[in-house]
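Trainee: Next one to model:
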Amino acid sequence: MKNRILIWEELDELISDNSLKNAERELFINARNNLNKGKNEQFVAAHLKSQLSFLSFKTPLSAKAVSFFTELSQVYLGYGRRDNISF
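Mentor: This next block holds a predicted model:
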């Protein structure tokens with residue numbers, strides 16, 4: 001499993017990949033812009049996962065986007081993580 005730094009480095013690589021669909025690239029660019037603005041990376045990851053999920057209902061994601069989405073989901077588990085205690 002990749003660590004958080006590698007995930008965001010992969011995001012940068014995907015942004016420059018010309019084989020991605022424009023809709024996917026726009027989501028990745030928005031995520032990178034939010035990170036650059038100093039937004040919480042867990043928030044950005046959760047929002048990106050949500051947007052990719054909704055996009056996948058409209059059109060199939062590219063293989064690279066699916067791979068990134070899978071890695072992102074493993075690194076950022078979201079609410080209910082094993083190390084997250086909720087009462």
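
Trainee: ranges for the helices of this protein?
Mentor: Using DSSP state H, the helices of the chain run over 4-15, 22-36, 41-58, 63-75.

Trainee: Same list (those helices) but as a markdown table, adding mean pLDDT.
Mentor: As requested, those are arranged in a markdown table below (pLDDT from 0 to 100):
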| stretch | mean pLDDT |
| --- | --- |
| helix 4-15 | 90 |
| helix 22-36 | 96 |
| helix 41-58 | 94 |
| helix 63-75 | 92 |
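
Trainee: Rebuild those helices as a markdown table, extending it with mean neighbour count.
Mentor: Where C-beta positions appear, they are placed from N, C-alpha and C, glycine not excepted. Below are these laid out as a markdown table (neighbours: other CB atoms under 10 Å):
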| stretch | mean neighbour count |
| --- | --- |
| helix 4-15 | 15 |
| helix 22-36 | 16 |
| helix 41-58 | 15 |
| helix 63-75 | 16 |
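
Trainee: Of all residues in this structure, which one is nearest the centre?
Mentor: L48 (4.5 Å; CA atoms, centre = their mean).

Trainee: Which residue is the nearest non-sequential neighbour of that one?
Mentor: Excluding the flanking residues, the one nearest L48 by CB to CB, 6 or more residues apart in numbering is A31, at 4.5 Å.

Trainee: For the one you found, list the residues it contacts.
Mentor: For A31, the contact set (CB atoms under 8 Å, 6 or more residues apart in numbering) comprises L11, V44, A45, H47, L48.

Trainee: Test my guess that the last one contacts L72.
Mentor: It stands for L48. Yes. With contacts counted by CB atoms under 8 Å, L48 reaches L72, the gap being 6.7 Å.

Trainee: and the gap between K58 and L48?
Mentor: 16 Å (CB to CB, to the nearest Å).

Trainee: should've said A63
Mentor: Following CB to CB, the distance that separates A63 from L48 is 17 Å.

Trainee: what's the answer for E24, then?
Mentor: 11 Å.

Trainee: Contact partners for I15?
Mentor: Counted by CB under 8 Å, 6+ apart, I15 has contacts R25, F28, I29, R32.
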